[in-house]
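[1] sharing a model prediction with you, sequence too.
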Amino acid sequence: MLYFFACIGLLIAGYFIYGTFVDRIFGADPNRPTPAKTLNDGVDYVEMSPAKIYLIQLLNIAGLGPIFGPILGALYGPSALLWIVIGSIFAGAVHDYFSGMLSVRHDGQSVPDVVGYQLGTGFKQFMRLFSIVLLLLVGVVFVLGPAKLLANLSPLPVMAWVAIIFVYYFLATILPIDKIIGRIYPLFGAVLIFMAVGLTGALIAKGYQFYPQFTLANLHPKGLPLWPLMFITIACGAISGFHATQSPLMARCIANEKYGRPIFYGSMIGEGVIALVWATLGMSFYKGADALNAALAQGGPAYVVNEISTTLLGPVGGLLAIIGVVILPISSGDTAFRSARLIIADFIKIPQKAILKRLYLAVPLFLVGFLISKGNFGVIWRYFGWANQTLATIVLWAGAAYLIKQGKLHWIATIPATFMTAVVTTYLAYDKIGFSIPLQISTWIGIGVAVASLALFLIKFRNPAGSPDQEVVEPEAA
């Protein structure tokens, strides 16, 4: 139990200490007008309170990420908690902060444009396609998963639930952000927090032993290597590129740059806490990796969530489990489609204030999504974990480029960017979705690519336009 609360304490300390450090290096300016004030259109640019934005951001970036990923990551043992803590503080929260604040500085533009300003046109075009494909995959999968679960709980067939969920997604995509998302997300964000706190309290009250297999050794029952697989499996609980597609939604609603640290950095820390809870539940409720693996074999992470919740909290837990495995993925799917609409709108320069112009983009987008949902994309979805972490890596490099151009301490982004480059390259070389190269050779390939990327980055930006005494004015923000 001490290990668990020490990890929670480190996350909280990381927010106040390292989060403040990152915020100061970036240079958040409370006197600088934000897009919510200068571009308010009553649709996507809508000023909202910091507390509401925090809960919306938490739910936007969370969904099932900090639940399912950590449950699967728990198979590796207590070492997973170290990655959640270190990853959240020094990588994930830094990634989320820069994806949000750089969007604030660039009129709330989406992640491809933000990356393009820092890394060039080639990266911008790549990120446009990459981001839209990833968002469509998220949106479609988070239609089918909840639809199947709801079909098991009701007389309606799967396709009826698919239609209902798609209708909701469509409304959430085209309506002003404060009409649906701004009203129900804070409630579900609070439920997500209550769920984590309530289950932890019940675990303690019912006398469960925390971490019966307390060791930092790899405990995975199938012998899967901790490096690099754990760093791909536990994504949203430590660092996730999907977050970069969501941060611009709230960058268009933030009223003051001083709220950037609690909203962007703080939401990732909050997600890290939730991930710690679920990784701990997986290790402690089942009393070992073998028992957890057997439970996963019966019905995957959704089965584990339901069994843990109903056992520890009774009927209330059952209700929370339904919310966890149905509503939370839906809350990621709707914002995935909304983000895709905004990325396309930024690309082709179509203002989104008029509903007809929103429909021009949303209707074709949903037609493509529906067609994807009819196909067998299981093989494609296997690439999501790698694609997600690759997106996070690129955004970290963009943050590092911004800082070095400003003559500021770029290492806060450069170090995690280099590490994640090694992770995604090693994974692609080793895993069966890639080249199936032996792990030792794959690791050296990953390290080599990471070192080469760092060297190229430092060479390219060895003469940044600014200096520590002269800040560079960003494009679109002069």
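    Cool, the structure landed.

[2] helix or strand for T443, which one?
    Element membership for T443 (DSSP states H and E) is helix 439-460.

[3] try H95
    Going by DSSP H and E, H95 is in helix 93-105.

[4] so what's R261 up against?
    With contact taken as Cβ atoms under 8 Å, 6 or more residues apart in numbering, R261 is in contact with G19, T20, V22, D23, A28, Y97. From N, CA and C alone the C-beta is placed, and that goes for glycine too.

[5] separation between it and G299?
    Separation of R261 from G299 (Cβ to Cβ, to the nearest Å): 39 Å.

[6] how about V140?
    21 Å.

[7] kindly report the same for S103.
    Applying Cβ to Cβ to S103 and G299 gives a distance of 38 Å.

[8] the two: which has the busier surroundings?
    S103 (25 against 12; other Cβ atoms under 10 Å).

[9] how many other residues sit next to the nearest residue to that one once chain neighbours are set aside?
    With Cβ to Cβ, 6 or more residues apart in numbering as the criterion, S103 has its nearest non-adjacent residue at 3.7 Å, and that residue is A251. Residues lying near A251 (other Cβ under 10 Å) number 30.

[10] now do the contacts for V395.
    H95, F98, S99, V111, V114, V115, G241, A244.

[11] what values do phi and psi take at the residue lying closest to S453 once chain neighbours are set aside?
    Leaving aside its chain neighbours, S453 sits nearest to T421 (5.0 Å; criterion: Cβ to Cβ, 6+ apart). As for T421, its main-chain torsions (degrees, to the nearest 10) stand at phi -60, psi -40.

[12] show me what contacts T421?
    Applying Cβ under 8 Å, 6+ apart, the residues near T421 are T393, G446, V449, A450, S453, L454.

[13] now these in a markdown table, with neighbour count?
    A markdown table is the format used below for those (neighbours: other Cβ atoms under 10 Å):
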| residue | neighbour count |
| --- | --- |
| T393 | 26 |
| G446 | 23 |
| V449 | 18 |
| A450 | 21 |
| S453 | 18 |
| L454 | 18 |
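
[14] so which residue is dead centre in the protein?
    H243 (3.6 Å; Cα atoms, centre = their mean).

[15] check which helix or strand covers that residue.
    Using DSSP H and E, H243 sits in helix 242-251.

[16] so what touches the helix or strand following that helix?
    Sequence-wise, the next helix or strand downstream of helix 242-251 (DSSP H and E) is helix 260. Residues from elsewhere that reach helix 260, judged by Cβ under 8 Å, 6+ apart: D23, F26, A28, Y97, G100, M101, V104, I254.

[17] how close does the residue nearest to S103 sit to L439?
    39 Å.

[18] how about T245?
    Applying Cβ to Cβ to T245 and L439 gives a distance of 31 Å.

[19] same question for Q246.
    In terms of Cβ to Cβ, Q246 sits 33 Å off from L439.
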